[in-house]
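Chemist: Quick one, what's the 3D model for this:
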Amino acid sequence: MLRKKENSSAHADLSAYSLRQKIVIHLAERAFYLLIKSIGATIRYETDGWENFQKIERDGKIPIYCFWHDRIFAGTYFFRDRGIVVITSQSFDGEYIARFIKRFGYGAVRGSSTRGGIGALVEMIRLMRRGLPMGVTVDGPKGPRYVAKSGAIILAKKTGNPLMPFVVETKKFWTVNSWDKLQIPKPFTRARVFIADPVYVAADAGDAEIENKRLELQGKLDAAVGLGKQWRESGN
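Modeler: Purely as a prediction, here's the structure:
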């Protein structure tokens, strides 16, 4: 096994945390894992655009999974056990998030747009060059909601791998009162995964082209949200 893959899957040292914080981290890790697993196992998933994912594989490339932060619950379960590496913040919350997503077969790189962002990006580039796929909530970690940032574009430019925009739409869900209006699927609901055409970014892309690609990614995600809403509101 590659050493970097091992690193992205290993738990961080908790010695800097108090006993109370350590207990909270372990309890939260198990609670979120059980919640996602118990609900996710009841969801009936369908796909639309799976051929776009297959095309990336046929081209010998590795996908950069790009999605909105509010769809993270259903997406985490659907794409489990694929070795996808994601960024989690260096905060206290990020610690238990990193731990429970690893239970679903993900790797984690610690950092965010505000803390450790450059180092996290460098590590993601390194891991992609070693063959690992990446997952990016493109409006995370704190929004604005449904506004794509450029971090995933830079990752695609540096690695030569395509962005794979997708949206998971569920027929029935609860909405959390948070900045992203996080969606929690209701048990036994149906879900459809809408996968858009991949977005490639040239290695010599300048600032203007990076912005064009960001807008292209934004447009594909917006369109997928629209398709999802149509499907959810239809009788199908």
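
Chemist: Strands of this structure, residue ranges please.
Modeler: Ranges of strands in the chain, per DSSP state E, are 44-48, 64-67, 85-88, 107-110, 134-137, 163-170, 173-175, 183-185, 190-195.

Chemist: List the residues that contact F166.
Modeler: Remark: with contacts taken as Cβ atoms under 8 Å, 6 or more residues apart in numbering, F166 is in contact with G49, Y65, C66, F67, G75, V193, F194, I195, A196, A224. (Each C-beta comes from the backbone N, C-alpha and C, glycine too.)

Chemist: separation between it and A202?
Modeler: Note on F166: its distance to A202, by Cβ to Cβ, to the nearest Å, is 22 Å.

Chemist: Could you do F53 as well?
Modeler: According to Cβ to Cβ, F53 and A202 sit 22 Å apart.

Chemist: ok, these two, which is more surrounded?
Modeler: Neighbour comparison, F53 and A202: the larger count goes to F53, with 17 against 12 (by other Cβ atoms under 10 Å).

Chemist: Report pLDDT for the more buried one.
Modeler: You'll see F53 listed with a pLDDT of 96.

Chemist: same question, the one 3 residues further on
Modeler: pLDDT, the model's per-residue confidence, is 97 for I56.

Chemist: Show me which of the contacts of F166 is closest to W174.
Modeler: G75 (16.1 Å; Cβ to Cβ).

Chemist: residue contacts, that closest one?
Modeler: F67, F166, V168, V193.

Chemist: ok, now with 7 Å
Modeler: Taking Cβ atoms under 7 Å, 6 or more residues apart in numbering, we find G75 in contact with F67, V168.

Chemist: Below-threshold pLDDT in this structure: ranges please.
Modeler: Within the chain, the stretches with pLDDT under 70 are 1-14, 112-117.

Chemist: 80 instead?
Modeler: Within the chain, the stretches with pLDDT under 80 are 1-17, 89-94, 110-118, 235-236.

Chemist: How about the biggest helix by length in the chain, which residues are buried there?
Modeler: Of all the segments of type helix in the chain, defined by DSSP state H, the longest one is helix 207-233. By 16 or more other Cβ atoms under 10 Å, the buried positions in helix 207-233 come out as 210, 213-214, 216-218, 220-222, 224-225, 227-228, 231-232.

Chemist: how about the helices in this protein?
Modeler: 3-9, 19-40, 50-58, 72-78, 92-102, 117-129, 151-159, 207-233.

Chemist: same for the last one, what does it pack against?
Modeler: This points to helix 207-233. Applying 3 or more Cβ pairs under 7 Å, 6 or more residues apart in numbering; DSSP states H and E, one finds that helix 207-233 contacts helix 151-159, strand 163-170, strand 190-195.
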